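Undergrad: Quick check, what structure comes out for this input:
(2 chains)
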Amino acid sequence: GAGVSQSPRYKVAKRGQDVALRCDPISGHVSLFWYQQALGQGPEFLTYFQNEAQLDKSGLPSDRFFAERPEGSVSTLKIQRTQQEDSAVYLCATTDPGSPPYEQYFGPGTRLTVT
Amino acid sequence: DAKTTQPPSMDCAEGRAANLPCNHSTISGNEYVYWYRQIHSQGPQYIIHGLKNNETNEMASLIITEDRKSSTLILPHATLRDTAVYYCIVTNNTNAGKSTFGDGTTLTVKP
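TA: Numbering: from 1, shown residues only, chains lettered A, B, ... in the order given. Predicted structure coming up:
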């Protein structure tokens, strides 16, 4: 079946612009995660949804970062007033918490470059 | 989630077994060990997981020490397509799998 998809795959933004990154989960996966991956490093947790509820946003680096999942399916990560340090790959992952082994299925990521 | 320690890089000859170690000395009794790998320009991909018993699937084997403080991922016959970054993670699954990734091990399989 279809996996996790993300769009756009690549985004170039000028410093100060707002961006919106989209994640389409696997159908039926109620848990959704956003990660930020800097070049040469492992993914770092940003936020977690269960259905439409944002249960953990402890990893969001600043109040410029905002995520939503209004209908419990598609999620959007928004970054306001982008800064150069926001340049990274943003990964979305989903899982079915009712079905072991609870592995996360990752999308291909969106590579954000802030100039 | 417990912290893990992995070597930053390893090489392996094509066709040979690749043994990737991971230390997780602070693992708790209810925490699982998961392995993922990330091929260049793709998202991480689940490989295998275990609690305390050794596990095997079509991709790899996972050997967990009796004290659970370390584990080894084994790719029995490495191919060039196994070149990737391998991440070892421990998680108790209470947050539906929220995972703390380290920097992983870059495995390079050479012909």
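Undergrad: Which stretches in chain B count as strands?
TA: Using DSSP state E, the strands found in chain B span residues B:9-13, B:18-23, B:32-38, B:45-50, B:55-56, B:61-64, B:70-75, B:84-91, B:105-110.
Undergrad: now do chain A
TA: Listed in chain order (using DSSP E), the strands of chain A are A:5-7, A:10-13, A:19-24, A:31-37, A:44-50, A:53-56, A:65-68, A:75-79, A:88-95, A:105-106, A:110-114.
Undergrad: ok, now which ones touch the residue in chain A that chain B sits nearest to?
TA: The minimum distance from chain A to chain B, using C-beta to the nearest C-beta, falls at A:F106 (3.0 Å). C-beta: built from backbone N, CA, C; applies to glycine. Taking C-beta atoms under 8 Å, 6 or more residues apart in numbering or on different chains as the criterion, A:F106 is in contact with A:4, A:91-93, B:42-45.
Undergrad: cool, A:T47 as well?
TA: A:T47 makes contact with A:33-34, A:54, A:56-60, A:67, A:77 under the criterion C-beta under 8 Å, 6+ apart.
Undergrad: distance of it from B:R81?
TA: When C-beta to C-beta, to the nearest Å is the yardstick, A:T47 and B:R81 sit 32 Å from each other.
Undergrad: Give me the buried subset of the contacts of A:T47.
TA: With burial judged by 16 or more other C-beta atoms under 10 Å in any protein chain shown, the buried subset of the contacts of A:T47 is A:33-34, A:54, A:56, A:59-60, A:67, A:77.
Undergrad: count of neighbours near B:A17?
TA: Each residue near B:A17 was counted by other C-beta atoms under 10 Å in any protein chain shown, and the total is 12.
Undergrad: What score does the closest residue in space to it that isn't next to it in sequence have for pLDDT?
TA: Here the nearest residue to B:A17 in space, its sequence neighbours aside, is B:P76; by C-beta to C-beta, 6 or more residues apart in numbering or on different chains that works out to 5.3 Å. At B:P76, the model reports a pLDDT of 96.
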